[in-house]
Structures are given as structure tokens and as C-alpha cells.
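> Sequence and computational prediction follow.
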Number of protein chains: 2
Amino acid sequence: MKIQGKHHRTIWTNPDGWSVEIIDQTQFPHVFTTATLKTLGDAAHAIKTMMVRGAPLIGATAAYGVCLYMREDPSDAGLEHACRVLEGTRPTAINLRWALAEMHAQLKNLPPEGRVQAAYVRAAKICDEDVEINRAIGSHGFDLIEQMARGKKPGEPVNILTHCNAGWLATVDWGTATAPIYMAHDEGVAVHVWVDETRPRNQGSALTAWELGNHGVPYTIIPDNTGGLLMQRGLVDLCIVGTDRTTADGDVCNKIGTYLKALAAHDNDVPFFVALPSPTIDFTIRDGLREIPIEERSADEVTKITGRTGDGRIETVEIVAQGSPAANYAFDVTPARYITGLITERGIIPAKREAIASAFADKIKTPFKKT
Amino acid sequence: MKIQGKHHRTIWTNPDGWSVEIIDQTQFPHVFTTATLKTLGDAAHAIKTMMVRGAPLIGATAAYGVCLYMREDPSDAGLEHACRVLEGTRPTAINLRWALAEMHAQLKNLPPEGRVQAAYVRAAKICDEDVEINRAIGSHGFDLIEQMARGKKPGEPVNILTHCNAGWLATVDWGTATAPIYMAHDEGVAVHVWVDETRPRNQGSALTAWELGNHGVPYTIIPDNTGGLLMQRGLVDLCIVGTDRTTADGDVCNKIGTYLKALAAHDNDVPFFVALPSPTIDFTIRDGLREIPIEERSADEVTKITGRTGDGRIETVEIVAQGSPAANYAFDVTPARYITGLITERGIIPAKREAIASAFADKIKTPFKKT
């Protein structure tokens, strides 16, 4: 999408033909800067420290991490090592494992001397596929928004609440939850986005607000506590969120706090949609609550925060009493029963096992585990 | 309660016999400092800027605000003026209006020369009554916690989630939601408190964590997004929150985000209790969603935050992109159907019209408005 009128993706190869450039998302919203990945270690570090984040972008970065290591050691052992290191960076997002499985399948039967080139080809294809998937999600979600706009008075926007950043910064381009919003805005359908701040890392106020603002989409930042009241008052027409992993039965694992918004939507008859690219579906599990590992991150993300001082310096401050213990679970699971529909690249489907299996029969490679 | 071993209330008169001392809660958790109120303007400013906050403490401060103005102008016009100025400071908490009505009723039939002394007597009594009410709430809530502790393995604490600060800093002493917790802890019943950060003003991490820590009660700060996951995982035994206004039908208006926790508690069969001193009941209204005005505060509270830098300076930083719009609703309403029970000074009662009316028949001064 656009930054100051210029089109960007979130990840690309440099003119040298091999090193990988990413937007360093840890500096948002204060500084826009990119970083160069030259080694497997660089890629793993970028994922682990959330210089890149968002399930699809994590997958794309992992794919390029394999490319970078193939330049160093294209042996079978090298391939296994790269996949193992990258898989250990973040436990929850399924795209990471999906992208590594894709890379592994592509490379394992090739002779080592052919692996570097094949890796870059597959990584670039993973990126392009992500863009195409998101464009398709956008187009299906657009129909939904346009239909809601028809029920509005002239000039009244469709009010959409989103949590965290399932925007283009979480993907290679377009975003998942934001793709329908960008398309509606670009087509002249009036939209306004309630942007959940998304504590503790503030991906909503730091990333989603930033990218919507740069693209010209009207938005308002709200504390994560606010969505319930807005829905009680009829100020939210629909919710669209992303997902880090969705089970075969339609349970949605997403940024911590998503579940609370789904409950409020359910209580107030507000449609709650999840934008779901198929690589985010984990066909091997069914019960999200029992089967998805939830990442626990450093308490520092809760107790400290970075911002701009009045005179423009970037400072990190501690916002709790010294020595206060804090817990930092990164995700929660929204049971399928609270989800109105899944906006996939193949259309909007119910969050139900049969619907998911039937829409993506060709993607199911692993049989269901017995539960 | 205790700060470094020394007992404090949150508001008291100075040795001069007339000026009023408060703990300045805007400096928490970084600085403990008090402020002196000498005029009606000082009292109104303290309430408006949240140097004092919490429904019961707001009421107590307003009562002393009337005292201070009676020293300047004890005429009928003076009494009306003081009540009007103080009533305009915060729109949601009912105790403010309750305390002003009490003061007004006490003073209006006295000759002006008798009003100063009578005002101080009544204000002191409002404070003492608050302490007694909270002690009684604590004792009823204690029974609840003790009963839960019996179902625990030895050494396993009862895990209690609370939102915002309904602690002793929100009252004159003991707190409402925290009174049962302090009593359990003091009686040797193992408790652990999940403290919701409570964006945007962080009263949980700044105030509740601070006071629990000073009293020695184990706690963990969590982002407001986290409680749903904890309840899904069985890590919360009960929720206890405070309230700024509760309707005759048992709808609870409390800090924004309370409603979301009540929904999660309901979805996971976690008991959800509200600690309710009777001055917080608004017998004149029934439907909290339609009848309680929700205060909207400055967007700055969402977009800026104050903390300690690594080298110990206190800095305020902006945490969103420059110019990002934000909305800041201070309260939401939890419908009575999601509330397991109200812990009042007269025992634990259902959040139902009949139960409230029967427990507090003597307190109902105003007939119900027709709805």
C-alpha cells in the first residue's frame, strides 16, 4: 500500500539480488525505517523481536531466511538447520510452519547446487501468493461492506472495529482484515475504523492507525476496553479481525483480546468476521483452546513503553511501580460459535468444520488428529 | 490501609482544623505526594483532574469542598453555588450527587453562622460512614473468598481478577472490591490478584498494584486484553469489581472495560461480583445503558502516557503517530444479567430490582422515574 504516495511492500529483495529488505516495525509509529537481512540469524532475529510480525509476513520472512542460509550451506543438514532455527522463533502463528514446510518440500529433492535459486523463486512466489490471497479477501469483504453501506444515510460511514494489526504491515501487501476496508475506501464507500490500541505492544495505535492514516482512511484510536460500550451504543456496524492460526473446526487464535470483542459483538448482534488466508488454517487441529500453544512474551512489553517526548526525543519509560510483576500472553482463542463468518480468498464461509473442509479440500495435506 | 507500615486514609483535615489534605493520585505510581485543598476551586480541580478519583472518594472530597466554601460564603446562594460547581466536575459517579445532597440537606435549614461547623461534622461523618461500609463489604466478601479457599489445595491461592481501582485509594479506606481481598490476606487466606492495567489511565497498574504491593498482597499486572484467556484456562476463581453508579435494577456502571470482563466471566462460568456501597445506588434510574451519562475525557489520556526513564526522570511521551484521533469514554454499563451478586454492606444480594429495593428500602428517597 502507499506511504506518502509511494507504493511499498513490507518485504523485498535488494538490487544486489539476494539480501532482503524489511520495514522495521519496532520503530513505529515514531520512525519509518527499513533493515537489511543478510543471514539466517538476521531473519530469525527480525521475527523473534517483531521487526516483522503478522502471520503472513512472518511466513514470508521465514521463507527468505531459508534462502539466506542456502547461500551459506545448501546441504540437507543446512536445510534442516535453517527450518529448525526459524521454526523456534515464534510458537503460535501457523504460517511460519506452513512457509517452512513449503520451502522444505520445494528444496529437499533438489541437488544442493540448485537450492539457492529455487529457494528465492519459491520465497518470491510465497510473497506474490500472499498478495493475491489478500486481494481476493479484500474483494469478498468489499461486498459485505458495500451491502452495509446501502443501509446507511448518505455520508454516514460504515463503522468497522478491528483489533491489533491485520493490515498490510502484517502481510506482504493489502493486509487481511484491512483489505476490504482499503478496497471500500478506494471505491468511494465511506468507512470509518475504530482501531483498538492493542496492549501491550500497541499494534493498533502504532501500526493500524499509521497505515490507515497514510492511505487516507478515517479512523479513531480507542483503548481495548472501549469496544463493548461502542457496540452497546450501536456505533459499530461490523468487526473484522485477522488470525494467527485457525483450526479445522473454525476456532480462531488471534491477538490477545480478540475473544473479548467477539463476546461483545455476540451480545450486541454485531457481525464478527475473521479475514482468513488459507495458509493460516491448521488442518491438523480442531480444538483451539486445548491445542494451540499460546506464546508468553517478556513482562517488559507490559511494564515499559516507548514514545516521543514533547521535544521530539524517543524515550522508553516504565509505567508501573518498580518491581511490579506482569504477565504477557500474546494470543487468545475465539471459539467458532462467536464468529459470523470467515472471509477467505475463496469467499465468505461459516466458521464450521464442514464449510472449511469443503472450501479448502485441496489444501488438506495432513489427516485430522483424533481428538 | 498501610503505606510502608504507616496507616493512611486518602483524605483528612489538617491540624489547622479546616484545610483538607488528599493523596495526589495523578503522580502514582512514580511519586507519593499529598496536596492541600483550601478553596472550593481546589476541591473541584482535584476531582476534575482526578487527583482524587473513585466514586466514594469523589463523594467525600465534594463534601469537604462544600465545607471550604461555607468558610467563604455560608449564605443560601453560597451553598447553592458550591453544590453546583462540584456537581459539574464529573458526570457519571453517583456518590458525588449523593454527598452533595447529604450536605445540602444538612445545611439548608441552618442559619448561615452555623453552617461551617455543621458542614465539617457532616463531611467527617461521610468519611467515617464510607470506612464502615467498606469494612462491612469486606467482611461479607471475605466469607466468599474463604469458602473458595476451602476448595483449593494447600498453598494454592484463590485467584481474583479486578478491573481499575476500587481499592482503598478509591475510597476513604479499605476500598470496595479490595476490602474482601485485604481481609482474606490479613486472615491468612492465600489470595493472588490479577490486576487489569485499565487503559487509558492505568488505574490498575498505577494504583491497585501499588496499594496491593504496599499491603503485601501477591498480584500480577495484566493488559486489559488478557482476562478472557485467563478465564478460558481456569486461572480466575472470581472477579470482583467496583462501581461508579448502579441502577435500581442492578445494572452496573463502572470503568470502561468492566462489561467485557463480565461477558468473559459469564462465558466461562466464573463468578462475577460487584462490591457496592449503598451510596452508589441510583434509585432514580433503572436502565443503565439508556439512563447513565457516560463521561468522555480528553484524547490526551489515550495518546500520551507518563513514566520513569531509565535514569529516573518522569517523562510524558506520546505513544501514537502525531495527529492520530482518539476517543476516550470513561465508563461502560454491565447489564444486571451478567452479575453473579452485589457485595453490599448489608450482605451479598442478587443484582435484581426486588433484592436491592428490599435490602435498602430505608435508603430509597426518590420514587422511580417512569421508564
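Perfect, I can see it now.
> and the residue nearest the centre of chain A, what pLDDT?
Most central in chain A under C-alpha atoms, centre = their mean is residue A:54, positioned 3.1 Å from the mean C-alpha point. Looking at residue A:54, its pLDDT is 92.
> Leaving out chain neighbours, which residue sits closest to residue A:120?
Leaving out its chain neighbours, the residue that sits closest to residue A:120 by C-beta to C-beta, 6 or more residues apart in numbering or on different chains is residue A:67, at 5.1 Å. (Glycine included, C-beta is placed from N, CA and C.)
> What distance do you get for the nearest residue to residue A:345 once chain neighbours are set aside to chain B?
Distances taken as C-beta to C-beta, 6+ apart place residue A:136 nearest to residue A:345, at 3.8 Å, with adjacent residues excluded. To chain B, residue A:136 is 30 Å away according to C-beta to the nearest C-beta, to the nearest Å.
> quick one: buried residues of the helix or strand harbouring residue A:136?
Assessed by DSSP states H and E, residue A:136 sits inside helix A:115-149. By 16 or more other C-beta atoms under 10 Å in any protein chain shown, the buried positions in helix A:115-149 come out as A:115-116, A:118-120, A:122-124, A:126-127, A:129-131, A:133-134, A:136-138, A:140-142, A:144-145, A:148-149.
> in chain A, which spans are helices?
Using DSSP state H, the helices of chain A run over A:40-48, A:55-72, A:76-87, A:94-107, A:115-149, A:179-186, A:203, A:209-215, A:227-232, A:258-267, A:288-291, A:300-303, A:353-359.
> which stretch among these comes nearest residue B:320?
Minimum separation from residue B:320 across the helices of chain A (C-beta to C-beta) falls at helix A:209-215, 6.2 Å.
> avg pLDDT for that closest one?
95.
> what sits up against that helix?
Helix A:209-215 is contacted from outside by A:1-4, A:28-29, A:165, A:167-169, A:175, A:178, A:181-182, A:185, A:193, A:195, A:218-219, A:221, B:320-321, B:323-324, using C-beta atoms under 8 Å, 6 or more residues apart in numbering or on different chains.
> Would you list the buried entries among those residues?
Buried residues within those, counting neighbours by 16+ other C-beta under 10 Å: A:1, A:28-29, A:165, A:167-169, A:175, A:178, A:181-182, A:185, A:193, A:195, A:219, A:221, B:320-321, B:324.
> From these, which land in strands?
A:193, A:195, A:219, A:221 (DSSP state E).
> picking that back up, the residue nearest to residue A:120 against residue A:123, yeah?
Yes: using C-beta atoms under 8 Å, residue A:67 is in contact with residue A:123, at 5.2 Å.
> got the contact list for residue A:108?
With contact taken as C-beta under 8 Å, 6+ apart, residue A:108 is in contact with A:76, A:79.
> pLDDT score for whatever residue of the stretch 51-200 of chain A ends up closest to chain B?
Going by C-beta to the nearest C-beta, chain B is nearest to residue A:199 of the stretch 51-200 of chain A, at 4.0 Å. Reported pLDDT at residue A:199 in the predicted model: 98.
> My read is that it contacts residue A:221, right?
No: the pair residue A:199 and residue A:221 does not pass the contact test of C-beta under 8 Å, sitting 12.0 Å apart.
> returning to that earlier point: in JSON lines, list the ones in strands among the buried ones among the contacts of helix A:209-215 along with pLDDT and distance to chain B.
JSON lines is the format used below for these (pLDDT from 0 to 100; distance: C-beta to the nearest C-beta, whole Å):
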{"residue": "A:193", "pLDDT": "98", "distance to chain B": "11"}
{"residue": "A:195", "pLDDT": "98", "distance to chain B": "8"}
{"residue": "A:219", "pLDDT": "98", "distance to chain B": "7"}
{"residue": "A:221", "pLDDT": "98", "distance to chain B": "4"}
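> Please identify which pair of these lies farthest apart.
A:193 and A:221 (9.6 Å).
> Which residue, neighbours along the chain excluded, lies closest to residue A:245?
Once flanking residues are discounted, residue A:245 sits nearest to residue A:94: 4.0 Å by C-beta to C-beta, 6+ apart.
> what's around the one you found, how many residues?
Residue A:94: 24 surrounding residues under other C-beta atoms under 10 Å in any protein chain shown.
> Return the residues in contact with it.
Contacts of residue A:94 (C-beta under 8 Å, 6+ apart): A:55, A:244-246, A:279-282.
> Tell me the predicted confidence for it.
88.
> cool, residue A:367 as well?
Listed pLDDT for residue A:367 reads 46.
> Likewise for residue A:161?
Predicted confidence (pLDDT) at residue A:161: the value is 98.
> bridging residues for it?
Under DSSP bridges, the beta-bridge partners of residue A:161 are residue A:194, residue A:239.
> likewise residue A:11?
Applying DSSP bridges, one finds that residue A:11 bridges with residue A:22.
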